[in-house]
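A.B. asks: make a model of this:
(one chain, ligands or ions: 1)
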Amino acid sequence: NITKPRNYPPGPKWYPFLGCSGVVQSISAKHGSQWKGLSELAKEYSTQVLGLKLCGELVVVVYGTKNIRQVFTGKEFEGRPNSFFIKLRCLGKRMGITFTDGPLWREHRQFTVKHLRNIGFGKTGMERDIQSELSNILDYIDKNNDKPINPKNILPAAVMNVLWKYVAGDRIKEERLKFLLDLLSARSKAFSMAGGWLNQVPWCRYIVPELSGYSLITKMNQQLSEIIEEAIRKHKNNVSGQNDFITSFLKEINETNSSFTEDQLKTICLDLLIAGSQTTSNVLEFAFLVVLRNRALQEKLFDEINTVLGNKQPSWNDSYRLVYTSAFLLEVQRYYTIVPLAGPRRLLDDAVIDGYLIPKETTILISVGDVHFDPEIWDDPHEFKPERFIDERGALKNSEHMYPFGLGRRRCPGDSLAKSFIFIVFVGVLQKYRIEHCNGVLPSGDPIIGLISSPRPYAADFIPRS
Ligand code: HEM
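C.D. replies: Below is the predicted model of the structure:
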């Protein structure tokens with residue numbers, strides 16, 4: 001059907017079968033990412049609500065503070081799509097937290113958040129775990145700083161260690177950890193390449209299973225599952241940690257609550273590992289990249305850290321005293337928005353956005369990235385300026401227009417871990433090392449934007465401060 005629904009938001013013309021997928025694909029390729037491509041289309045149609053049809057699926061992208069707040073907080077926007085792509089993401093079934101909705105999502109999100117908190121998530125215990133990872137990172141740098149270090153070799157593993165501790169209690173073995181990280185990274189690459197195609201033309205997996213990335217993704221899903229299954233098995237045989245999420249969940253299964261199953265447990269564990277690891281480490285990689293590219297900025301941060309903390313190990317409480325450093329980290333999260341297109345959401349009822357009618361079941365994407373660069377909100381949005389987060393009295397000023405973790409009932413449940421981790425590790429490394437570019441080559445500051453935003457791979461020299 002190529003006729004648009006009545007009063008549907010503006011957007012490109014639709015063609016049989018493809019809708020406007022062709023236009024979206026070519027403009028995304030031209031601008032380097034789907035987020036940028038869609039934002040150019042919205043400009044072309046002078047609209048804050050962009051109406052699309054991608055193959056069979058109605059897709060609407062919302063822009064501007066008013067519209068994104070409406071979608072983030074409205075109950076009718078709380079659904080998640082149920083497409084082929086998403087089923088693949090959930091190991092073939094619709095489970096877990098990230099890609100479910102309705103009563104199952106509500107019950108399990110609540111359970112997860114509550115039990116993570118009970119075992120110390122967001123509390124001082126978590127801070128100690130992060131500080132212990134910081135010590136490991138500093139040890140690694142100390143042993144390896146005779147040559148350039150790629151932050152990718154340290155940061156994702158450190159985040160994963162903390163996440164794994166919450167999920168499974170014990171420390172994950174070195175080779176296991178490396179395998180898990182390689183798998184996650186290869187998997188997200190396969191998704192960026194194949195995800196769009198597989199979703200729009202799911203039957204293509206029968207014709208070109210290798211090319212479409214389908215067989216690669218299913219194989220990796222299998223391997224990921226096995227790692228978690230092994231941890232669950234150990235818990236059942238009582239040879240693993242007792243104060244962790246798997247233990248709480250297994251207890252719930254035994255108390256015969258029907259929606260608590262082992263498959264659901266496995267998927268929630270994957271949700272936490274997938275949603276938490278690359279996002280958090282990418283923010284840190286960007287933060288180190290910015291100071292590597294700007295020596296004066298790095299010295300200013302070091303001066304503050306050195307004056308306020310001296311040699312004391314950082315903790316989250318210090319963020320209130322390290323005003324410039326905290327402002328800097330907020331600016332990193334604005335300037336390099338890790339999730340520039342939040343969602344996807346599935347509309348649970350007909351809705352009106354900015355005067356346009358959006359039919360039930362439409363997929364909605366939320367352009368956080370554009371709000372973070374809106375010239376009506378930010379002075380010189382394309383300049384990197386930590387000062388924008390400091391008020392006239394020199395206090396930290398958090399903007400109501402920052403949405404790095406979303407908003408509303410689907411807001412990121414991992415934000416407290418992410419924020420503490422980013423702060424403690426960034427401050428702890430800068431306190432001890434000067435970060436310099438190596439061989440006279442300044443790495444690029446341009447991000448690669450797939451499903452999430454990442455820096456181009458770089459290595460740096462870490463020179464001890466004392
Ligand atoms: C800097 C790091 C992070 C960023 C930028 C980030 C960003 C986000 C955003 C924007 C959403 C909302 C999506 C929406 O509105 O539809 C989200 C959801 C989610 N995040 Fe995070 N996140 C980060 C770290 C973490 C961590 C450390 C964890 C795990 C402990 C985590 C677990 C999740 C989960 C499970 C959801 C899905 C929630 C739901 O659908 O109800 N995230 N994240």
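A.B. asks: strands of the stretch 201-350 of the chain, residue ranges please.
C.D. replies: With strands called from DSSP state E, counting those that start in this stretch, the stretch 201-350 of the chain shows them at 341-346.
A.B. asks: now do the contacts for the residue of it found nearest the ligand.
C.D. replies: Going by CB to the nearest ligand atom, the ligand is nearest to residue 276 of the stretch 201-350 of the chain, at 3.0 Å. (Glycine included, C-beta is placed from N, CA and C.) When contacts are counted by CB atoms under 8 Å, 6 or more residues apart in numbering, residue 276 touches 159, 163, 414, 417, 418.
A.B. asks: what about the ligand: which of the residues you listed touch it?
C.D. replies: Among these, proximity to the ligand is found for 163, 414, 417, 418 (CB under 6 Å from any ligand atom).
A.B. asks: with pLDDT, secondary structure and neighbour count added, can I get those in a markdown table?
C.D. replies: Output for those, formatted as a markdown table (pLDDT from 0 to 100; DSSP: H, G, I helix; E, B strand; the rest coil; neighbours: other CB atoms under 10 Å):
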| residue | pLDDT | secondary structure | neighbour count |
| --- | --- | --- | --- |
| 163 | 93 | helix | 24 |
| 414 | 93 | coil | 23 |
| 417 | 94 | helix | 24 |
| 418 | 96 | helix | 22 |
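A.B. asks: which of those lies closest to residue 427?
C.D. replies: The closest of these to residue 427 turns out to be residue 418 (CB to CB; 14.9 Å).
A.B. asks: looking at the stretch 351-466 of the chain, which residue is nearest the ligand?
C.D. replies: For the stretch 351-466 of the chain, CB to the nearest ligand atom, closest residue to the ligand: residue 414, 2.2 Å.
A.B. asks: and the residue lying closest to residue 331 once chain neighbours are set aside, how many residues sit next to it?
C.D. replies: Nearest residue to residue 331 in three dimensions, chain neighbours excluded: residue 386, at 4.5 Å (CB to CB, 6 or more residues apart in numbering). By the criterion of other CB atoms under 10 Å, residue 386 has 22 neighbours.
A.B. asks: same deal with residue 232?
C.D. replies: If you count neighbours by other CB under 10 Å, residue 232 ends up with 18.
A.B. asks: thought the residue of the stretch 351-466 of the chain closest to the ligand was touching residue 274?
C.D. replies: No. Residue 414 lies out of contact with residue 274 (CB atoms under 8 Å); the separation is 11.0 Å.
A.B. asks: I'd say residue 180 and residue 172 touch.
C.D. replies: Yes. Counting by CB under 8 Å, residue 172 is a contact partner of residue 180 at 7.1 Å.
A.B. asks: list residues touching both of these two?
C.D. replies: Shared contacts of residue 180 and residue 172, counting by CB under 8 Å, 6+ apart, come down to residue 160.
A.B. asks: surely residue 176 touches residue 226?
C.D. replies: No. Under the criterion of CB under 8 Å, residue 176 is not in contact with residue 226, lying 10.7 Å apart.
A.B. asks: more neighbours: which of these two?
C.D. replies: residue 176 (14 against 10).
A.B. asks: how close does that one sit to residue 160?
C.D. replies: The gap separating residue 176 from residue 160 is 10 Å, by CB to CB, to the nearest Å.
A.B. asks: got the residues of the stretch 1-150 of the chain near the ligand?
C.D. replies: Going by CB under 6 Å from any ligand atom, the residues of the stretch 1-150 of the chain near the ligand are 97, 98, 109.
A.B. asks: tell me the SS of the first one?
C.D. replies: Using DSSP: H, G, I helix; E, B strand; the rest coil, the secondary structure recorded for residue 97 is coil.
A.B. asks: check whether residue 341 really touches residue 368, as I assumed.
C.D. replies: Yes. Between residue 341 and residue 368 a contact is recorded at 7.2 Å, counting by CB under 8 Å.
A.B. asks: now list the buried members of the residues of the stretch 1-150 of the chain next to the ligand.
C.D. replies: 97, 98, 109 (16 or more other CB atoms under 10 Å).
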